[in-house]
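Participant: Turn this into a model:
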Amino acid sequence: MPLYLGLMSGTSLDGLDIALIDQAEHCTLVATHFLPMPGTLRSELLSLCSPGPDELARAAIAEQHWVALAASGIQALLSAQGLAASAIRAIGSHGQTVRHEPTRGFSIQIGNPALLAELTGISVVGDFRRRDLAAGGQGAPLVPAFHDALFANPAQPRAVLNIGGFSNLSLLTPGQPVQGFDCGPGNALMDAWIQRYQGLNYDKEGQWAASGQVQADLLQAMLNTSFFQTEGPKSTGRELFNLDWLDQCLSQQPSYAPADVQASLLELTAQSCIDALHRAQTDTQELLVCGGGAHNLQLMRRLAALLPNAQVSSTDAHGVPADWVEAMAFAWLAHCCLEGIPGNRPSVTGAKGLRVLGAIYPA
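Facilitator: Numbering: from 1, shown residues only. Okay, the predicted model is just below:
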């Protein structure tokens, strides 16, 4: 059994997802483990997403704490499964994104793969984005190749929508290369807004958003951002969509009740995703949703309402738990790296060609 671990810590900064896969004929999920992000570490990682003092030292210290957390989670998962470190061929570690600026030629994920290999005794594959960037790509999103391998249907056009802190689409059209791109905010703005007003990390099932009214003028002001008018390949992050950006949009509008802003932010996520889908794949018959956004019932309702001619469901309906698709993807990318299989898709990132992604840190 070729076993791999995938480690994903996304832009939502809610915690670390660890997935154990068996990469035999097909990628099969064997076990999972989730570690909530400690509050102090979350705050430091979030602050590193913006310019600040002494960034290099702070980032170096933060990634040591991040790696220690990841190593503890890996050890817990292996113990629960009765597995030795030697049973795992490699860990695929995405690391924690703190800056993503492909227009300036860089994307930074901290996570010290060398230290992770040292603490776990398992070879680590990390630094997945940089080779695609070197080849002229966006370095993101990287999961569409995995979505294609896992969910493609030769009989009908499908799309996979990952809604984490930000949203990205994978377009699976029979007879065509997979396409994909970032759509814009996923949960990041909604999480930041509810944290500001209610001190909560997220809006459970979208209940607060459902209690408000979408404000059409605010929604349009947000959708006027040039990112939404550009075609893929494209990617984005907290560098563009953050509370400062939202406050700027709000400053141009009348005062709104906080719940109405939350409702408008949820509608922004739903509309930007479906608008992008309509432009890129006009005959979608099925939309599979993964990531934390799949648990937001109000968001899922809005996606279904905006895409009435397609079936909208969580990837759970296809036997792959929505919470674990991303972590599985990086375990699969580690396998691809060790086998010399290209992990990027030029039709997604805009890179000059197929490239084997990742750097290997032997145990």
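Participant: What's the separation between the closest residue to Ala140 other than its chain neighbours and Pro144?
Facilitator: Residue nearest to Ala140 in three dimensions, not counting chain neighbours: Ser235, with 4.1 Å by CB to CB, 6 or more residues apart in numbering. The C-beta positions use only the backbone N, C-alpha and C, and glycine is treated the same way. Distance from Ser235 to Pro144, counting by CB to CB, to the nearest Å: 12 Å.
Participant: hang on, the earlier thing: next, count neighbours for the residue nearest to Ala140.
Facilitator: Counted with other CB atoms under 10 Å, the neighbours of Ser235 add up to 26.
Participant: what about it, helix or strand, and which?
Facilitator: Using DSSP states H and E, no element contains Ser235; it sits outside every helix and strand.
Participant: list the contacts for it?
Facilitator: Counting by CB atoms under 8 Å, 6 or more residues apart in numbering, Ser235 touches His100, Pro102, Gln138, Gly139, Ala140, Pro141, Asn168, Phe181, Asp182, Thr349.
Participant: With Ile194 instead?
Facilitator: Contacts here follow CB under 8 Å, 6+ apart; on that basis Ile194 touches Leu200, Asn201, Tyr202, Asp203, Trp208, Gln262.
Participant: Identify, from the residues you listed, the entry nearest to Gly73.
Facilitator: Asn201 (18.9 Å; CB to CB).
Participant: Surely Ala70 touches Gly95?
Facilitator: No. Assessed by CB atoms under 8 Å, Ala70 is found out of contact with Gly95, at 9.5 Å.
Participant: After the stretch of helix or strand Gly6 belongs to, heading C-terminal, what element do we hit next?
Facilitator: Using DSSP H and E, Gly6 sits within strand 3-9. The helix or strand immediately downstream of strand 3-9 is strand 15-23, counting by DSSP H and E.
Participant: Tell me what angle that next one forms with strand 3-9.
Facilitator: Between the axes of strand 15-23 and strand 3-9, defined by axes from the mean of the first three to the mean of the last three CA atoms, to 10 degrees, the angle is 160 degrees.
Participant: Give me the residues contacting strand 15-23.
Facilitator: Identification of contacts with strand 15-23 by CB under 8 Å, 6+ apart yields 1-10, 27-37, 69-70, 73-74, 77, 81, 88, 323-324, 326-328, 331-332, 335.
Participant: Among those residues, which ones are in helices?
Facilitator: Counting by DSSP state H, those place Leu69, Ala70, Gly73, Ile74, Leu77, Gln81, Glu326, Ala327, Met328, Ala331, Trp332, His335 in helices.
Participant: And for the nearest residue to the third one once chain neighbours are set aside, the neighbour number?
Facilitator: For Gly73, ignoring the flanking residues on the chain, the nearest one in space by CB to CB, 6+ apart is Leu35 at 4.3 Å. Other residues near Leu35 number 17, with proximity taken as other CB under 10 Å.
Participant: contacting residues for Leu35?
Facilitator: Each residue near Leu35 by CB under 8 Å, 6+ apart is listed here: Gly15, Leu16, Ile18, Leu69, Ala70, Ser72, Gly73.
Participant: again, 6 Å this time
Facilitator: The contact partners of Leu35, taken as CB atoms under 6 Å, 6 or more residues apart in numbering, are Gly15, Leu16, Leu69, Gly73.
Participant: Of those residues - the most surrounded one?
Facilitator: Leu16 (22 neighbours).
Participant: Could you check what's spatially nearest to that residue, not counting adjacent residues?
Facilitator: Leu35 (4.4 Å).
Participant: before we move on, the earlier item: could the contacts of Ser235 be laid out in CSV, adding pLDDT, secondary structure and distance to Ala114?
Facilitator: Below are these laid out as CSV (pLDDT from 0 to 100; DSSP: H, G, I helix; E, B strand; the rest coil; distance: CB to CB, whole Å):
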residue, pLDDT, secondary structure, distance to Ala114
His100, 90, strand, 22
Pro102, 90, helix, 25
Gln138, 93, coil, 26
Gly139, 94, coil, 21
Ala140, 90, coil, 23
Pro141, 91, coil, 26
Asn168, 93, strand, 29
Phe181, 93, strand, 32
Asp182, 93, strand, 29
Thr349, 94, helix, 26
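Participant: now these in TSV, with distance to Leu307 and neighbour count?
Facilitator: Converted to TSV, these look like this (distance: CB to CB, whole Å; neighbours: other CB atoms under 10 Å):
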residue	distance to Leu307	neighbour count
His100	28	26
Pro102	28	22
Gln138	25	25
Gly139	29	27
Ala140	24	28
Pro141	20	29
Asn168	17	29
Phe181	17	26
Asp182	19	24
Thr349	25	29
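Participant: just these now: which is nearest Ala280?
Facilitator: For the contacts of Ser235, the nearest to Ala280 is Phe181 (7.7 Å; CB to CB).
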